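> Sequence and predicted structure, then a few things I'm wondering about:
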Amino acid sequence: MSNTQSTSFSQRYFNMKMNKMRYGWDKAKRMKVCYLFLAPYAILFFTFFILPICTSIYYGFTYYNILEPARFVGLQNYVNLVLQDEVFLTAVKNTFVIAVITGPVGYILSFLFAWFINELPKWLRAIAVVIFYAPSIAGNAYTIFGIIFRGDAYGYLNSILMDFGFIDAPILWLTNPAYIMPVLIVVILWMSMGTGFLSFVAGFQGIDKSMYEAGYVDGVRNRWQELYHITLPSMKPMLLFGAVMSITSAFNVCDVPRALAGYPSTDYAARTVVTHLFDYGFSRFEMGYASAIATLLFIVMILSKKVISAALERVGT
Amino acid sequence: MAFPLIFAIGSALKPLDELFRFPPTIFPQHPTLDNFSDLIVTMGQSWVPFSRYLLNTVLITFLGTFGHLIIASMAAFVLAKYDFPGGRTFFNIVVTALMFSGYVTGIPNYVIMSKLGMIDTYWSLLLPAFAAPIGLFMMKQFMESLPTALIEAAHIDGAGEFRIFWNIVMPNVKPAWLTVIIFSVQSLWNNSAATVIYSEAKKTLVYAFQQIQAGGIARTGQAAAVTVVVFSVPILIFILSQSQILETMASSGIKD
């Protein structure tokens, strides 16, 4: 008896599910023109963004050098990464330092700059936006830092310091492991006023002015309270977008250290996770190992996005 | 912030003796265009004619941006204006994909492209550029602000989806076009394509420039000239379109 009852229950549940699916299917059929519009993008996006991530996860468990078929090696790559590869640990440490310093500092600086220029007259604001944003679209203009930080007396920083008598011999900024990281952090910060900054500038423009008046009536006393209780909550979507952009740039540092500190750099002092990945993937053709690195990076990036959006949820409450 | 860029322009205008003067100066005392003319001479001596590199880059940048604009806008239109099964999930995946750039997907991308026979063709640069997540993201967020009534009215008047898209939606999102264009141009123009293009005749301008910069001390002046040439294009486009771009960025937020 109880048996039949449970069957009928599961039957009913099954029917309900089927109906729901049929409803979804009918809707999908009615909306088929939507899929038609989406298809070209979706196919390309799947091929060049989703499929690579899936294959990367798969190759992470294999030994693969492009010439021979991939050989399954289980967790070997991950074990080697964590237990044997000292350079990888240096890379993780460097990436972590870069991400922890340039990520939040760049993010906060872009926000503060956007806030400061918000009340400038329109033409002045336009100039300021171009000046702050230019470094991040200037392509490989960061190579100019190679001249500023050059290790001989003709390097600009060395010559200025020597001129003032702070040092009596040129410092090898880009070759001495003690100085590489600070120099890189300066350069990456210089480039960090990117898309997030534009989003903040636009976000400030979009805030309804009457909100501030209402806030003052409700007892907001100074600019900081105004910022925390009114401005930040109304800009939450922009803040999240800016955070995603700054996680991306902080974790994907690769070209700057390769161009400035050399590849490989002295004592691997400028090695980041992505330069390590580049080394294994494109110089040594150990694709399996490089894919394991990529997979770890995906996981870390997705987790940091989750942490940041949870933190932003609490802003202004 | 702009100092290194001004400094780069200054260096590009310096004659050789000033480039190595001690103590160094920031502004050239006797500005000259020698570095640029030297650059042209060096380019003339290259194995493949210089104009070929330029043509490659212009072609890739133009086609890639154009294709991206159309394909991403079509997808953005239905994602922004229709509620259909799977649409929201798809968009969430695209937002996550904003974070995966460049080298991280580079390796499997290389494998996939080689399976598709695209290595050493322009397709290896164009097709991924068509599907860049940032363009779809910006476009979709901007299109959401279009009044739905506009589209419904067109429906009632008997316009088909494609007509609505082409004649009603696209002309109304011109600021977003410029934003999509600047992001796309910037990434294609600066793409050296070192890992997917091997034939010298198909190399991009930035790649050729990097070879000149790699010439070391002897090419210091030319390297500075190269830097200026490369960064001036995206910056100019940005200056010309910045008010429209800011208008688009106002809808750029991610709502959780």
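Looks like it arrived, so ask away. Numbering: from 1, shown residues only, chains lettered A, B, ... in the order given.
> Show the pLDDT at residue 97.
You didn't pick a chain, so chain A it is. Here the pLDDT value assigned to residue A:97 is 91.
> try again with chain B
The model's pLDDT for residue B:97 equals 87.
> you'd agree it is up against residue B:134?
No - using C-beta atoms under 8 Å, residue B:97 is not in contact with residue B:134; the gap is 9.4 Å. No exception for glycine: its C-beta is placed from N, CA and C like everyone else's.
> now residue A:25: how far from chain B?
Separation of residue A:25 from chain B (C-beta to the nearest C-beta, to the nearest Å): 8 Å.
> who's in contact with the one residue in the stretch 101-250 of chain A that gets nearest to chain B?
In the stretch 101-250 of chain A, the residue that lies nearest chain B is residue A:237 (2.2 Å; C-beta to the nearest C-beta). Applying C-beta atoms under 8 Å, 6 or more residues apart in numbering or on different chains to residue A:237 gives the contacts A:203, B:252-255.
> ditto for residue B:6
Residues in contact with residue B:6 (C-beta under 8 Å, 6+ apart) are residue B:26.
> Surely it is within a helix?
Yes - counting by DSSP: H, G, I helix; E, B strand; the rest coil, residue B:6 is part of a helix.
> ok, residue B:193 - contacts?
By C-beta under 8 Å, 6+ apart, the neighbours of residue B:193 are B:124-125, B:203-204, B:207.
> where are the low-confidence patches of the stretch 1-150 of chain A?
Residue ranges of the stretch 1-150 of chain A with pLDDT under 70: A:1-7.
> ranges for the helices of it?
Ranges of helices in the stretch 1-150 of chain A, per DSSP state H, counting those that start in this stretch, are A:2-30, A:32-45, A:51-59, A:76-83, A:86-117, A:122-137, A:144-148.
> For the third one, name the packing helices and strands.
In terms of contacts (3 or more C-beta pairs under 8 Å, 6 or more residues apart in numbering or on different chains; DSSP states H and E), helix A:51-59 is packed against helix A:287-313, helix B:106-115.
> so what's the residue of the stretch 101-250 of chain A closest to chain B closest to, chain neighbours aside?
residue B:253 (2.2 Å; C-beta to C-beta, 6 or more residues apart in numbering or on different chains).
> what's the burial count for the one you found?
Applying other C-beta atoms under 10 Å in any protein chain shown, we find 20 residues neighbouring residue B:253.
> My read is that it contacts residue A:244, right?
No - assessed by C-beta under 8 Å, residue B:253 is found out of contact with residue A:244, at 10.5 Å.
> is it fair to say the residue of the stretch 101-250 of chain A closest to chain B lies in a strand?
No - Residue A:237 is assigned helix when assessed by three-state DSSP, not a strand.
> Strands of chain B, residue ranges please.
Counting by DSSP state E, chain B has no strands at all.
> Which residue does it have closest to chain A?
Proximity of chain B to chain A (C-beta to the nearest C-beta) peaks at residue B:253, 2.2 Å away.
> just to revisit the earlier point, would you mind giving the contacts of residue A:237 as a markdown table with distance to residue A:168 and pLDDT added?
What follows is these, written out as a markdown table (distance: C-beta to C-beta, whole Å; pLDDT from 0 to 100):
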| residue | distance to residue A:168 | pLDDT |
| --- | --- | --- |
| A:203 | 49 | 87 |
| B:252 | 51 | 79 |
| B:253 | 53 | 80 |
| B:254 | 52 | 79 |
| B:255 | 58 | 73 |
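> PyMOL command to pick out the buried ones of these?
Buried subset of the contacts of residue A:237, written as a PyMOL selection, criterion 16 or more other C-beta atoms under 10 Å in any protein chain shown:
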select buried, (chain A and resi 203) or (chain B and resi 252+253+254)
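> Please convert the contacts of residue A:237 to TSV, extending it with distance to residue A:298.
Shown next, in TSV, are the contacts of residue A:237 (distance: C-beta to C-beta, whole Å):
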residue	distance to residue A:298
A:203	28
B:252	23
B:253	24
B:254	18
B:255	23
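> so which of the contacts of residue B:193 is the most crowded?
Ranked by the number of neighbours (other C-beta under 10 Å), these place residue B:204 first, at 26 neighbours.
> shouldn't it be in contact with residue B:190?
No - the pair residue B:204 and residue B:190 does not pass the contact test of C-beta under 8 Å, sitting 9.2 Å apart.
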